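Enquirer: predicted model and sequence below, questions to follow.
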Amino acid sequence: MVAVREGDASVLLAEAQSGMEMPEIVTLEAVVNHQPSGNVFVYLGPAGLAIEEAALLRWRVGVPAAAVRTFDTRRYVLLAALGGASARIESQTQRLLMTIPAELFLPNTIPIGLPGGPVLAPPPWSAFANYDVFGYTSEGTHYGAGLFEVGTSGPYGSGVASVVANSSQLAGGTTDNVVLLDANWRYDDPAGPRTAIVGTAISPAGAWGRSLRFAGIQYGTNFTLQPDLITYPLPAFPGTAIVPSTVDVLVNGSRIGAQQVPPGPFTISNVPVVTGAGEVQFVVRDAFGQQQVVTQPFYTSRRLLQPGLDDWSINAGSERLDYGSESFDYGSGFLSAYWRRGVTDRATIELLGEGDSQARAAGATIDFIPASAGVVTLGAAGSNGSAGNGSLALAGYEYQGRQFNVGVRSIWASPAFRMPGDPPTAPLQRLSVASAGYNFGALGTLGVAWIDQQNRGEVATSTTAISYSASLSSRATFVVSVSRSHGMTAQTAAYATLIFALDERTSAAGDVSSTRSGGATHTVVGATLQRTLPIGEGWGYRLRAAGDEQYQAGAVYAGPYGRYGVDVASLNGVSAARAEVAGGFGTADGVVFASRPIVDSFGIVRVDGVPDVAIYQNGNFAGRTDSDGVAVLTQLYPYARNRITIDERNVPIGLTLNAREQLVAPYYRSGAVIDFGVRRAASAILEIRLPDGSPLPSGAVVRRDDGAATYPVGSDGEIFVPDLDRATSFAVDWSGGRCRFTVDASVLPRETLPHVGPIACVPEKEKA
């Protein structure tokens, strides 16, 4: 048994140093790297000084297993085994002063603190219908058309169906047609994030395939259900702190946050960097004012997935043919499976397989970052079908820098290569695209793009375009572009415009365009003045005049129950007119309404009983409450934070709200209820009497049972009480006794400041 004496450490230390063979254990106040670190058991004996293992682990010091010894049931680590560490006992203060090198601390990964996702609003059962009808008339041509959409949603998903109706009156006669566009039921699992669709859907294209519209079943990943999720790899940056420190994180010179770090090696992860090439700086400051600056370059790309993250989709059904002109024209059966996975933070692989009755194709692609110098893409695919066996190869490269960017991508296909949905003739032989750009800062941005495509049996086509844009001031922007196309014919086009922002929604522009083809040049000079529609109610318009006898004038008004627009135009002496009416109907939470078209999701704002309250969505005016205190928002973004604010100046005195601002995130094409919890909180003058009819004595103190406040009693037993929003009990104390009374706010007179009483105050002893 080891003798344990927790007394005077200086005496014990002197005994140990005098050659005493009996080991001792003492408790001392530890100071590690100049930081107070609590009490610790210290072993003093022939083997040398040893520190309690539990304390070292608490300080996050790596403990070599071979250096652990057990004395008196406690585990200790010999100081000599901690390479580079030193310790001394300060006898006067009985403190253990330790210096531990940073590399002996265990590594610590610290996320920079990305915001969590929005809290989704529970989806109530709701329904909506949209309509958008317009008529067009010109010389010899008159027709009308309409787009109609109906939907319903609830806890089990949302269903939407849309149709288009056309009626044309031409010189040769009249045709009528109603076509089903899309109809499906969709269920979203935001936690997945996954989506299941039954009905019409679009398959993913992958790196080399093509998207197909089909009717059937689709199930797979849907990252749009978590808008705050960063799917591409975020770099992690290591550093070292000797003592507890604060780390300021700067990305490309802009401070994005700060983080407290303990002593030792650390890694800052999930740094929200921009994509492309950049530079991160860590400024490490300790409590003594010392600082160190660590600079590291990085390269990130949205083409990659975080390590271990999967993106997949399974699709089965029948191909949709003649979309927009036929309702139920289907091709053969169709099946596809798509999968991507982040293998490392520098490599992502992709597999795609799909097939129908005419062709089956499968292939693999890899995107990887070599030495922080951009993203390389390599892929290959093979096919089998009625055309025989074929192959495809894909190669690409992309680099995005802070000033310079470049990208190139090419696909080559053998004569027999086919994918589901390919046309029966003129299959793809090659397709190449390239682009480059340079940012000159205040001098503007220059860009170059080129595309070349060759289909078998057809003439190759290519287009080269150069563009330049610059901000001349905070309100003026200049854009110019020149393009040259080759194919069946050659054509050169040039365009330049100068745009002035007059306010947040209004702009004026002057432009000139010139086209040369077949030896002839056509140049047009024009001017435009336009004002975009607001989120809520308001006007928008567009006026244009150009040198080729082109004139156009249009106006649109967004009202509480719809959107109404008129356009008139003239070109080369031929005039035309167009009128449009669009709106919607819906119901949710017992409210039936007419509104503007419901674009994504919608919300029912309740400020119950308070009319004409201004409602703002993400800082923009969106409407006012009606006579029932209800407003409808028709452009809520699904799964994103929509900040809904009300103007409290329209809320009468005597009414209180749960909050003046709420964040709401609705489900896809669903309704959400945004209730501001209006409650009546009347103020009143209460006249309180004792059982004998005499008033409460002046100076008595009245206390609310809910602990909200106390009120003094004035003359004639009167008190002023604000915020009476429910039945409230009160206790009264004075030198001569104690009594109680209750006031029910629901029966108070609807006056600005009612006088209520007399109210009997029952002595405590008379309470049942």
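Expert: Sure, I can see it.

Enquirer: for the closest residue to Arg88 other than its chain neighbours, give me its contacts.
Expert: In this structure, Arg88 finds its nearest non-sequential neighbour in Leu97, 5.4 Å apart by CB to CB, 6 or more residues apart in numbering. No exception for glycine: its C-beta is placed from N, CA and C like everyone else's. By CB atoms under 8 Å, 6 or more residues apart in numbering, the residues touching Leu97 are 31, 87-90.

Enquirer: in strands only, show me the residues you listed.
Expert: 31, 87-90 (DSSP state E).

Enquirer: touching, Pro758 and Leu686? I think so.
Expert: No: Pro758 lies out of contact with Leu686 (CB atoms under 8 Å); the separation is 9.1 Å.

Enquirer: tell me which of those two has more neighbours.
Expert: Under the neighbour definition other CB atoms under 10 Å, Pro758 and Leu686 were set side by side, and Leu686 has more, 24 against 15.

Enquirer: filter the contacts of Leu97 down to the buried ones, PyMOL style.
Expert: To isolate the buried members of these in PyMOL, using 16 or more other CB atoms under 10 Å:
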select buried, resi 31+87+89
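
Enquirer: ok, which stretches of the stretch 351-500 of the chain are strands?
Expert: 359-368, 375-385, 388-400, 404-413, 428-439, 445-455, 461-471, 476-486, 491-501 (DSSP state E, counting those that start in this stretch).

Enquirer: need those in JSON lines (columns: mean pLDDT).
Expert: JSON lines is the format used below for these (pLDDT from 0 to 100):
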{"stretch": "strand 359-368", "mean pLDDT": "96"}
{"stretch": "strand 375-385", "mean pLDDT": "95"}
{"stretch": "strand 388-400", "mean pLDDT": "95"}
{"stretch": "strand 404-413", "mean pLDDT": "95"}
{"stretch": "strand 428-439", "mean pLDDT": "95"}
{"stretch": "strand 445-455", "mean pLDDT": "95"}
{"stretch": "strand 461-471", "mean pLDDT": "95"}
{"stretch": "strand 476-486", "mean pLDDT": "95"}
{"stretch": "strand 491-501", "mean pLDDT": "95"}
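
Enquirer: out of those, which comes closest to Glu326?
Expert: When the strands of the stretch 351-500 of the chain are compared by CB to CB, strand 359-368 sits nearest Glu326, at 22.4 Å.

Enquirer: buried residues in that closest one?
Expert: In strand 359-368, counting by 16+ other CB under 10 Å, buried: 359-365, 367-368.

Enquirer: now, the most widely separated pair of these?
Expert: Spanning the widest gap among the buried residues of strand 359-368 are Ala359 and Phe368, at 29.2 Å by CB to CB.

Enquirer: please name the bridge partners of Thr523.
Expert: Applying DSSP bridges to Thr523 gives these bridge partners: Ser514.

Enquirer: contacting residues for it?
Expert: Thr523 touches 512-515, 547, counting by CB under 8 Å, 6+ apart.

Enquirer: with adjacent residues omitted, what lies nearest to Ala569?
Expert: In this structure, Ala569 finds its nearest non-sequential neighbour in Gln552, 4.3 Å apart by CB to CB, 6+ apart.

Enquirer: same check, this time on Gly333
Expert: In space, Gly333 comes closest to Ser318 once its chain neighbours are excluded; the distance is 5.8 Å by CB to CB, 6+ apart.

Enquirer: I'd guessed that neighbour sits against Ser332; true?
Expert: Yes: Ser318 lies in contact with Ser332 (CB under 8 Å); the separation is 7.0 Å.

Enquirer: with neighbour numbers in mind, choose between the two.
Expert: Neighbours around Ser318 and Ser332, counted as other CB under 10 Å, are more numerous at Ser318. The numbers are 15 against 11.

Enquirer: return the list of helices and strands in contact with the strand or helix carrying that one.
Expert: Using DSSP states H and E, Ser318 sits within strand 310-320. Contacts defined by 3 or more CB pairs under 8 Å, 6 or more residues apart in numbering; DSSP states H and E place strand 310-320 against strand 194-202, strand 213-221, strand 330-344.

Enquirer: residues contacting the residue nearest to Ala569?
Expert: 542-545, 567-570.

Enquirer: distance of it from Ser138?
Expert: For Gln552, the distance to Ser138 equals 13 Å [CB to CB, to the nearest Å].

Enquirer: same question for Pro122.
Expert: From Pro122 over to Ser138 the distance is 50 Å, taken as CB to CB.

Enquirer: Val512 too?
Expert: 27 Å.

Enquirer: would you mark the buried spots in stretch 418-438?
Expert: Residues 418-422, 427-429, 431-435, 437 are the ones in stretch 418-438 that count as buried (16+ other CB under 10 Å).

Enquirer: go on, stretch 41-50?
Expert: Under 16+ other CB under 10 Å, the buried positions of stretch 41-50 are 41-45, 49-50.

Enquirer: again, but for stretch 286-296
Expert: Asp286.

Enquirer: which outside residues touch that stretch?
Expert: So stretch 286-296 is contacted by 34-35, 237, 239, 241-246, 279-285 (CB under 8 Å, 6+ apart).

Enquirer: okay, helices next: where are they in the protein?
Expert: Using DSSP state H, the helices of the chain run over 9-17, 53-58.

Enquirer: for the closest residue to Ala546 other than its chain neighbours, give me its contacts.
Expert: Using CB to CB, 6+ apart and skipping residues adjacent in sequence, the residue nearest Ala546 is Gly526, 3.4 Å away. The neighbours of Gly526, taking CB under 8 Å, 6+ apart as the test, are 510-513, 544-547, 550.

Enquirer: show me which of the contacts of Gln552 are buried.
Expert: Buried residues within the contacts of Gln552, counting neighbours by 16+ other CB under 10 Å: 542, 544, 567, 569.

Enquirer: Asp345: which of these is nearest?
Expert: Using CB to CB, Arg542 comes nearest to Asp345 of the buried ones among the contacts of Gln552, at 47.6 Å.

Enquirer: that closest one and Glu103, how far apart?
Expert: Remark: distance between Arg542 and Glu103 (CB to CB) = 67 Å.

Enquirer: go on, Ser383?
Expert: Ser383 is 56 Å from Glu103, by CB to CB.

Enquirer: with Arg430 instead?
Expert: According to CB to CB, Arg430 and Glu103 sit 55 Å apart.

Enquirer: strands of the stretch 201-350 of the chain, residue ranges please.
Expert: 213-221, 237-241, 245-251, 254-261, 264-269, 276-286, 291-300, 310-320, 330-344, 347-355.

Enquirer: okay, now Ser245: neighbour count?
Expert: When neighbours are counted by other CB under 10 Å, Ser245 comes out with 23.

Enquirer: what residues are bridge-paired with it?
Expert: According to DSSP bridges, the partner residues bridging Ser245 are Val261, Asp286.

Enquirer: show me the residues around it that make contact.
Expert: 260-261, 263, 284-287.

Enquirer: distance check, it against Val61.
Expert: 17 Å.

Enquirer: one more: Thr240?
Expert: On the measure of CB to CB, Thr240 and Val61 end up 14 Å apart.
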